[in-house]
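**Q** this is a predicted model, with the sequence first.
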Amino acid sequence: MRRKLDDLHDRENQRCWDAAVMLPGESDLRTSMKRELSEYTGLTFEQIETRYASAKIDSAKEWGERQCENDASVQTFYHEYSDYIFEVASLDSPYRRLDSVLDVLAWARVNGGRELLDYGAGIGTTALYFHARGMDVTLADISTPLQELSRWRFERRGWPTKFIDLKQEPLPQSAYDFVISFDVFEHLYHPWQHLKTLSDAIKPGGLLFIEAPFGVDRDNPLHIVKDTRVLDLAPMLGLQAENCSPYRLLTESGFFVLRSGQTWGVPRLLAILVGWIRYGLKRVKNGPQLMRTGPRRPKGEKSIRRVPLDSRHP
């Protein structure tokens, strides 16, 4: 009986997602997305499928050719590489983030408030869902191609909303009840700066939701950050873990819930101390660098031991 109720609940949640994200008259999420891309780009469905198939390889090649090794080059990549919309759309598979957005809605019902910032909103699929569920959504991104497509998708539906181009406009202070950042932090060279920016943008007592597939990903050079070290120091910004104990911010799913406005006191000091201990342990385990700093070796290629110059044979 419980299994049947769970299945009914899942189907109802999927129906709500479909109604928010799909175009009228469509019955399949992927077909609806291709229809939007076809209208937006003028490409046929077959051409879009071809772009889907090569999108990840093309993005990796473009990334390598641009030698994206600092914030400026990364920002230029996302600003100029228009074909990145195909990789993002191809990964925007049906119900991929449904569990996460349902968690956000559950917290919203308990916490109250409607102002939501989608930081790194991409092509706007998640924001479409939250808008349809009655949230006042603001979409922020540095990628001009992605933001232009997301703006078009909202206009296509006649849904007014707010957009922030992070290259030109800072986030307002203490403006949002909720901030979501899905599949963003693994792409940042300096995630601490972004965490500080988001902590400033949340109202006291507001919630920050981060979902990021941290970890070494040799198949995707666009994933820079390889560990959760930055989140261990979140208590320094007054951000308190809500979905687990203050001693362990990382959840098995890579989904984090942090509440802003933690006042100074023994719990915060203890969380900061433990965070620094965890930070130090990861530094010992993973090395001093928080992110990858060079090209990845091809699979199967053995590493070469680097010998100091003064110890080499003449």
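**A** Structure received.
**Q** list the buried residues of the longest strand along the chain.
**A** Assignment by DSSP state E gives strand 202-211 as the longest strand of the chain. Buried residues in strand 202-211, counted by 16 or more other Cβ atoms under 10 Å: 202-203, 206-211. Using the backbone N, CA and C atoms, a C-beta is placed for each residue, glycine as well.
**Q** pLDDT weak spots in this structure?
**A** For the chain, residues meeting the criterion pLDDT under 70 lie at 1-9, 93-96, 213-221, 223, 225-230, 243-254, 261-268, 270-314.
**Q** ranges for the strands of it?
**A** Going by DSSP E, the chain shows strands at 115-119, 136-141, 162-165, 176-182, 202-211, 240-241, 255-259.
**Q** and the second one, what does it pack onto?
**A** Helices and strands touching strand 136-141, as assessed by 3 or more Cβ pairs under 8 Å, 6 or more residues apart in numbering; DSSP states H and E, comprise strand 115-119, helix 125-132, helix 144-157, strand 162-165.
**Q** try 10 Å
**A** The contact analysis (3 or more Cβ pairs under 10 Å, 6 or more residues apart in numbering; DSSP states H and E) places strand 136-141 against strand 115-119, helix 125-132, helix 144-157, strand 162-165, strand 176-182, helix 191-201.
**Q** repeat that for the shortest one.
**A** With contacts defined as 3+ Cβ pairs under 10 Å, 6+ apart, the secondary structure elements packing on strand 240-241 are strand 255-259, helix 266-286.
**Q** sheet partners, orientation included, of that strand?
**A** strand 255-259 (antiparallel) (DSSP bridges).
**Q** and for the second one?
**A** Strands flanking strand 136-141 in the sheet, each with its direction: strand 115-119 (parallel), strand 162-165 (parallel) (DSSP bridges).
**Q** and for the longest one?
**A** The partner list of strand 202-211 in its sheet, established with DSSP bridges, is strand 176-182 (parallel), strand 255-259 (antiparallel).
**Q** need those in CSV (columns: mean neighbour count).
**A** Below are these laid out as CSV (neighbours: other Cβ atoms under 10 Å):
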stretch, mean neighbour count
strand 176-182, 24
strand 255-259, 21
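**Q** can you list those in TSV and add distance to L149?
**A** Below are those laid out as TSV (distance: least, Cβ to Cβ, whole Å):
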stretch	distance to L149
strand 176-182	17
strand 255-259	26
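**Q** out of these, nearest to G122?
**A** strand 176-182 (8.2 Å; Cβ to Cβ).
**Q** compute the inter-axis angle for that closest one and helix 125-132.
**A** Going by axes from the mean of the first three to the mean of the last three Cα atoms, to 10 degrees, strand 176-182 is angled at 150 degrees with respect to helix 125-132.
**Q** please look at E36 and E155 and confirm they touch.
**A** No. Here E36 does not reach E155: they are 11.6 Å apart, not a contact under Cβ atoms under 10 Å.
**Q** packed most tightly, which of the strands paired with strand 136-141 would that be?
**A** strand 115-119 (a mean of 25; mean count of other Cβ atoms under 10 Å).
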